[in-house]
Every structure is written in structure tokens, then in C-alpha cells.
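K.L.:
have a look at this prediction, sequence included:
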Amino acid sequence: MSKITEKIAKLLALAESPYEEEAKAALLQARRLMAEHKLMPEDIEPQENKKVIQECVGVTCTKLSSPWTVYLSTLIAAHYCCRPYRSSVHGSKVSEIGFIGMEDDFKLCKLAFLYAYECIASRCRQIRTQKEYPAKTLREMCNSYGWGFCRGLSAAFQKQEAEHQEWGLVMVVPQAVEDAVSKMKRSSYKISPQSSMNHQYAAMGYADGQEFDMRRRLEPSA
């Protein structure tokens, strides 16, 4: 292995870091070097070692109880070069969240999604302890918080992309992933209109979503 391919290989290894900015910076530098030296991915690592992962991540949702979950998966997937999907048994209202992506991208995407989901779920558990409210009102509070968090996270991602426009070279969904997704049926839950939300909890969620930071992630369960 030449010095340049060895350097690129080390950068690609660093790109597996769970720290988002470190991972993207390493991946960007690796891709720039590959372009400069006219190298293809298979010149660095055998293509057979790269595989597309399609897998559910253990989080379920319904249109009534947690419709924001689908929107959250879409936001996270787009930020980690993956595509989301939902798996459900025919006739069931419950869907399980899954992602499709290259192996390294999938690992980061899954970790980020599970952390973001747990951030929302944890706050929702706190909201439900307010027993003075009926179940329908508590559900509205929780869903308003979830939608607000997603909107805040979307704003945070847009700000990051504006500040790091060079990340556009990194955040491209590989063609192999797009090919896998093209064979699947796509669907999503409709985003709740502002008029139906509890504005206090939506604002609380928005603020927390803007502050979401993978560096404070929860360790994945064993």
C-alpha cells in the first residue's frame, strides 16, 4: 500500500468515530485526497468489504401515539447518508423504524437516532407523570414536544450545513443505498399542524432539539 492510500485508509478509519464533526472532517479529507489522486474506493478497500445494511432498530411507533418518530428518522437518516423505512405487519397499526445504509454510515445513523429518540422519550415519560391531566391531553403534550424537538433538530442541522458547506461532498447517499430504497414502498406520517399542538411543549421540544449533541450520546445497550 502506497503512503497516500495508507493515509486515506487511516482517515476512513477515523471517519468511523462516533463524534460527528471528527468523523465528517476525516471523511471529507479522505474524499478530497481520493479525488486529487484519482483513486476509487476499491483502490483503498476491496469493494466486497463494503455492504449495504437494511435493518430495523427496535423502535416502534403509531400514528396516534408517536407520529413524530417517522419524521425524526427521516432527519437523522439524511444527516448520515442513509434512508429510513418502516416495517409493519399487514393490518397492524404499529410500525418499526429501520434504516438502509452502508455499514459505517448505518452504525452512526442508528446510534444518533436511538440517542435522539431516547432524549424525546425520556422527556415524554416526565410529562406523563402529571396525573392531573387526562390521557388525551398528556398524549398531545408528548407529541407536541416530539414534533417541536424534530423541528429544532432540523434547524440545527441546517445551521451546521450552512456553516460547513464542504460537508455537501460527504453527505451524499451512496448509489447502492438508493438502489435498495428504490425497490421499497415509501410512506410517512403527516406532520401535525401548528393549530393542534400544545405550544408550550412544542417550544420546549424545539429548544431541546436545537441543543441536541451526539457528543452527549447515551452508550448503546449491550
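P.N.:
Nice, thanks for sending it over.
K.L.:
so who does the residue of the chain most remote from its centre touch?
P.N.:
Taking C-alpha atoms, centre = their mean, the residue of the chain most remote from its mean C-alpha position is residue 2, at 35.2 Å. For residue 2, no contacting residues are found, by C-beta atoms under 8 Å, 6 or more residues apart in numbering. C-beta: built from backbone N, CA, C; applies to glycine.
K.L.:
what ranges do the strands span in the protein?
P.N.:
52-61, 83-87, 95-102 (DSSP state E).
K.L.:
minimum distance to residue 148: which of the ones you listed has it?
P.N.:
With C-beta to C-beta as the criterion, residue 148 lies closest to strand 52-61 of those, at 16.7 Å.
K.L.:
got the domain ranges for the protein?
P.N.:
Per the record, the chain has its domains at 1-50, 51-216, by automatic domain parsing.
K.L.:
out of those, deepest packed?
P.N.:
domain 51-216 (a mean of 17; mean count of other C-beta atoms under 10 Å).
K.L.:
picking up where we left off before, relative to residue 145, how far out is the residue farthest from the centre of the chain?
P.N.:
53 Å (C-beta to C-beta, to the nearest Å).
K.L.:
which residue is nearest the centroid of this protein?
P.N.:
Centre-nearest of the chain using C-alpha atoms, centre = their mean is residue 76, 1.9 Å out.
K.L.:
tell me the contacts of that one?
P.N.:
So residue 76 contacts 84, 109, 112, 113, 116 (C-beta under 8 Å, 6+ apart).
K.L.:
just the pLDDT for it.
P.N.:
pLDDT, residue 76: 93.
K.L.:
again with residue 55
P.N.:
Confidence for residue 55, expressed as pLDDT, is 94.
K.L.:
how far does stretch 10-17 sit from its chain's centre?
P.N.:
19 Å (C-alpha atoms, centre = their mean, to the nearest Å).
K.L.:
list the contacts of residue 97.
P.N.:
56, 57, 59, 60, 61, 69, 70, 73, 84, 85, 86, 113.
K.L.:
tell me what it is bridged to.
P.N.:
residue 86 (DSSP bridges).
K.L.:
quick one: low-confidence ranges for the chain?
P.N.:
Where the chain drops to pLDDT under 70, the residues are 1, 19-20, 24, 35, 38-50, 164-171, 185-195, 214-222.
K.L.:
helices along that one, start to end?
P.N.:
Ranges of helices in the chain, per DSSP state H, are 3-14, 20-36, 41-44, 68-79, 103-127, 135-163, 175-181, 199-210.
K.L.:
any idea how far residue 162 is from residue 156?
P.N.:
From residue 162 to residue 156 the distance is 11 Å (C-beta to C-beta).
K.L.:
likewise for residue 66?
P.N.:
According to C-beta to C-beta, residue 66 and residue 156 sit 21 Å apart.
K.L.:
got a list of what the residue lying closest to residue 93 once chain neighbours are set aside touches?
P.N.:
In space, and not counting its chain neighbours, residue 93 is closest to residue 62: 5.0 Å by C-beta to C-beta, 6 or more residues apart in numbering. Contacts for residue 62 (C-beta under 8 Å, 6+ apart) come out as 93, 94, 95.
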